[in-house]
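K.L.:
okay, sequence plus prediction incoming.
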Amino acid sequence: MPYLTEDRSSDVDAAASRKRAPMLIDDLNWRYATKKMDAGKSVSEDKVQAILDALRLAPTSSGLQPFEVFVVTNKDTRAKLSEAAYGQQQLVDGSHVLVFAAWDNYTAERIDMVRDETGEARGGVSDNIKEYYKNLKGNYVGRDAEVNFQHAARQAYIALGVAMVAAAEQKVDTTPMEGFEPAKFDEILGLRAKGLKSVCILPLGYRAAEGDWLNGQAKVRRDPKVLFTHVA
Ligand SMILES: Cc1cc2nc3c(=O)[nH]c(=O)nc-3n(C[C@H](O)[C@H](O)[C@H](O)COP(=O)(O)O)c2cc1C
């Protein structure tokens, strides 16, 4: 049975969570996967920066951050990307498209780069740091490239989630998308030469006043009794 957010006032867990973090829950209820953006409105650079700052802080497995994010504002490029996203209009009617592109593989060079950055931030590459990244290379380098790419892609999704929440806090609308042709995106943005493959995208903009069938619809989420199992 669908769990309607609007009807959950009697639910003890939901009420408790609203009490703990009312603003976050309000933001999450406010956001939705916007189907029609207002082509006349642009997201300001400070709001975009706040979203990027937040997604940069998303945690990732072993802290590798094995992805890059392309912030596309160019109109012609967004039109091409929209075509490669089955014509989804949010890419052109919004003002920015974030393209999350994961490392195509884990390599010794990439892991050494993170090791050195860690050393730089933490006062030098200690023996512990050296050992940690040596083990990581032992586990990842030489593993099947597709397995490594899929692992990297999962890390990009964590950042996608953080970006959506950060956007909601900024009252910026977003549409998370997997409905696009990654090979075409890779071609348009020249990702292959950089050892990257697109995995998910996030148009940013403002919901149109009219013409969005999803605007105002109740949220449908699974019943917490089914979603959560408390093992006390
Ligand atoms: C990874 C991912 C991919 C999605 N792909 C698309 C997409 O290509 N086009 C679209 O309109 N919505 C897409 N959605 C939106 C979901 O359908 C939507 O988030 C879900 O139904 C929950 O509704 P809400 O986001 O409005 O709360 C995607 C969502 C996620 C998280």
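P.N.:
In hand now; what should we look at? Residues are numbered from 1 along each chain as shown.

K.L.:
okay, and the helix or strand of this protein with the least pLDDT?
P.N.:
Lowest mean confidence among the helices and strands of the chain (mean pLDDT, DSSP states H and E): strand 2-4, at a mean of 42.

K.L.:
tell me which residue of this protein lies closest to the ligand.
P.N.:
Residue nearest to the ligand within the chain: residue 179 (2.6 Å; CB to the nearest ligand atom). For glycine as for every other residue, the C-beta is placed from the backbone atoms N, C-alpha and C.

K.L.:
if I pick the closest residue in space to residue 42 that isn't next to it in sequence, what's in contact with it?
P.N.:
Once flanking residues are discounted, residue 42 sits nearest to residue 95: 3.9 Å by CB to CB, 6 or more residues apart in numbering. Counting by CB atoms under 8 Å, 6 or more residues apart in numbering, residue 95 touches 41-43, 73, 204-205.

K.L.:
can you check residue 78 too?
P.N.:
72, 91-92, 97.

K.L.:
and those as JSON lines, adding neighbour count and pLDDT?
P.N.:
Below are the contacts of residue 78 laid out as JSON lines (neighbours: other CB atoms under 10 Å; pLDDT from 0 to 100):
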{"residue": "72", "neighbour count": "19", "pLDDT": "98"}
{"residue": "91", "neighbour count": "26", "pLDDT": "98"}
{"residue": "92", "neighbour count": "21", "pLDDT": "98"}
{"residue": "97", "neighbour count": "26", "pLDDT": "99"}
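
K.L.:
would you check which pair of these lies furthest apart?
P.N.:
Greatest spacing in the contacts of residue 78, by CB to CB: 72 and 92 (10.9 Å).

K.L.:
and the protein, which of its residues are near the ligand?
P.N.:
Among all residues of the chain, those adjacent to the ligand (criterion: CB under 6 Å from any ligand atom) are 32-33, 35, 88, 175-179, 200, 219.

K.L.:
quick one: which of the residues you listed is most hemmed in?
P.N.:
Ranked by neighbour count (other CB atoms under 10 Å), these have residue 175 at the top, with 26 neighbours.

K.L.:
quick one: residue 163 and residue 194, what's the gap?
P.N.:
Distance from residue 163 to residue 194, counting by CB to CB, to the nearest Å: 20 Å.

K.L.:
these two - which one has more neighbours?
P.N.:
residue 163 (25 against 14).

K.L.:
which residues does the more buried one contact?
P.N.:
Taking CB under 8 Å, 6+ apart, we find residue 163 in contact with 51-52, 54-55, 58, 98, 174, 202.

K.L.:
for it, which non-adjacent residue is spatially closest?
P.N.:
residue 55 is the one closest to residue 163 (CB to CB, 6+ apart), at 4.2 Å.

K.L.:
got a pLDDT number for the one you found?
P.N.:
Note on residue 55: pLDDT of 98.

K.L.:
and residue 22, by the same measure?
P.N.:
For residue 22, pLDDT reads 72.

K.L.:
and for it, the neighbour number?
P.N.:
Per other CB under 10 Å, the neighbour tally for residue 22 reads 10.

K.L.:
all strands of this protein, in order?
P.N.:
With strands called from DSSP state E, the chain shows them at 2-4, 67-72, 96-103, 173-174, 196-205, 220-222.

K.L.:
excluding chain neighbours, what is closest to residue 60?
P.N.:
residue 155 (4.1 Å).

K.L.:
my guess is the one you found contacts residue 65. True?
P.N.:
Yes - counting by CB atoms under 8 Å, residue 155 does reach residue 65; the two are 7.0 Å apart.
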